[in-house]
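Chemist: 3D, please:
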Amino acid sequence: MRRLYILVAAAMTVIAACGSSSRGTAAQPESPGTDNTATAAAPEAADPRTSDEPQADGDATRPARIVISKQSMTLSLYDADDALICRFPVAVGRNLGNKRRPGDMKTPEGDFTVQQIQPASTWTHDFGDGKGVIEGCYGNWFIRLKTPPHKGIGIHGTHDPASIGTRATEGCIRLRNDDLDSLKPLVRVGMAVRIDTSEADRAEDRRIDSRAKQAATAPARKPGGTSAFDDGNAAWHTVASGDTASAIAARYGTTLSRLRELNPSKSDFDRLSLGEHIRVR
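Modeler: Sure, this is the predicted structure:
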């Protein structure tokens, strides 16, 4: 009986913590050492504080799934009956659109799962902003997500609470540290996590896909010309019939060794697939 009382008391404590945060005033990176490419101008973020915030009346003893919205910039935890347990404001990837490749500073969208929960209070990271290595930039926990084919994406805390509610991360989902500490006891390995897109992200993906399609259907250019498309971070060539790695390098005035540096995930440049995107600068 004493053990049952302790479990109930603990659940009530978590519910209180989550509830107060979801109704209070508002309010990453990929794994350490990754994603330090140039940043894009972030759009004005939607204010996650809403006057009609739903009551957090879910059962904290039965947490079932996490939903992250890039539209409202929030993380919501639901119980097995789909009732809201708690909701927190977040920061997401600084660049618009669904994640496509390492280093693009975008948060992946879709249905994922919790892969691992790691203590992170001693982790450090250099954000490439001239401030050097920052201690405590992940909060106490790194909730690593399984987001194939991408790696290093997680839910974690921050040394910069002012960034919450904005697009500020290198691809991860960032919480205030006290919100992360409230969330962590309710999360388990294997839990479902859905990351929803926004209107702005959809518009950016349509723009990139349109430019890629144009590049793929454009007539071949003479060496020295350009048939690459630019996604805002890098230029890419779409492999056409008869292309070889050496010919692509010559077309863009670069070398095969440089192509290998720009495309570290591609191990065999002797085998190119029709429609494949090769980074050329």
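Chemist: read off the pLDDT value for S267.
Modeler: pLDDT for S267: 77.
Chemist: what segments of the stretch 1-150 of the chain are helices?
Modeler: 2-23 (DSSP state H, counting those that start in this stretch).
Chemist: now for the nearest residue to K184 once chain neighbours are set aside: which residues touch it?
Modeler: Nearest in space to K184, with sequence neighbours left out and distances taken as CB to CB, 6 or more residues apart in numbering, is W141 at 4.9 Å. For the C-beta atoms, the positions are set from N, CA and C on the backbone; glycine is no exception. Contacts for W141 (CB atoms under 8 Å, 6 or more residues apart in numbering) come out as 117-120, 156-157, 180-181, 184.
Chemist: what about W141, distance to D59?
Modeler: 22 Å (CB to CB, to the nearest Å).
Chemist: one more: N140?
Modeler: Distance from N140 to D59, counting by CB to CB: 25 Å.
Chemist: just the buried ones from the contacts of W141?
Modeler: The neighbour count (16 or more other CB atoms under 10 Å) marks 117, 120, 156-157, 180, 184 as buried among the contacts of W141.
Chemist: show me which pair in these is furthest apart.
Modeler: I117 and G157 (13.0 Å; CB to CB).
Chemist: let me see the ranges of the strands in the stretch 51-200 of the chain.
Modeler: Residue ranges of the strands in the stretch 51-200 of the chain, as given by DSSP state E, counting those that start in this stretch, are 63-69, 74-79, 84-89, 92-93, 110-119, 124-126, 133-135, 141-146, 154-156, 167-169, 173-174, 192-196.
Chemist: can you dump the C-alpha atoms of the last one in PDB for me?
Modeler: Read it as strand 192-196. These are the backbone C-alpha positions of strand 192-196, laid out as PDB (Å, rounded to 0.1, in the frame of the first residue of the first chain):
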ATOM      1  CA  ALA A 192       5.900   7.100 -31.000                       C
ATOM      2  CA  VAL A 193       7.000  10.600 -32.100                       C
ATOM      3  CA  ARG A 194       5.400  12.500 -34.900                       C
ATOM      4  CA  ILE A 195       6.800  15.700 -36.300                       C
ATOM      5  CA  ASP A 196       4.300  17.700 -38.300                       C
END
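Chemist: let me see the domain layout of the protein.
Modeler: The record's domain parsing of the chain by automatic domain parsing lists 2-198, 218-279.
Chemist: need the winner for burial among those.
Modeler: Mean neighbour count (mean count of other CB atoms under 10 Å) peaks for domain 2-198 among those, with a mean of 18.
Chemist: rounded mean pLDDT for it, please.
Modeler: Mean predicted confidence for domain 2-198 is 81.
Chemist: quick check, D81 in contact with T61.
Modeler: No - using CB atoms under 8 Å, D81 is not in contact with T61, being 11.8 Å away.
Chemist: closest to T238 among the buried ones among the contacts of W141?
Modeler: Of all the buried ones among the contacts of W141, T238 sits closest to H156, with 35.4 Å by CB to CB.
Chemist: which residues are contacting the helix or strand hosting S257?
Modeler: Taking DSSP states H and E as the definition, S257 sits inside helix 256-262. Contact with helix 256-262 is made by 234, 245-246, 248-249, 266, 269, 278-281, as judged by CB under 8 Å, 6+ apart.
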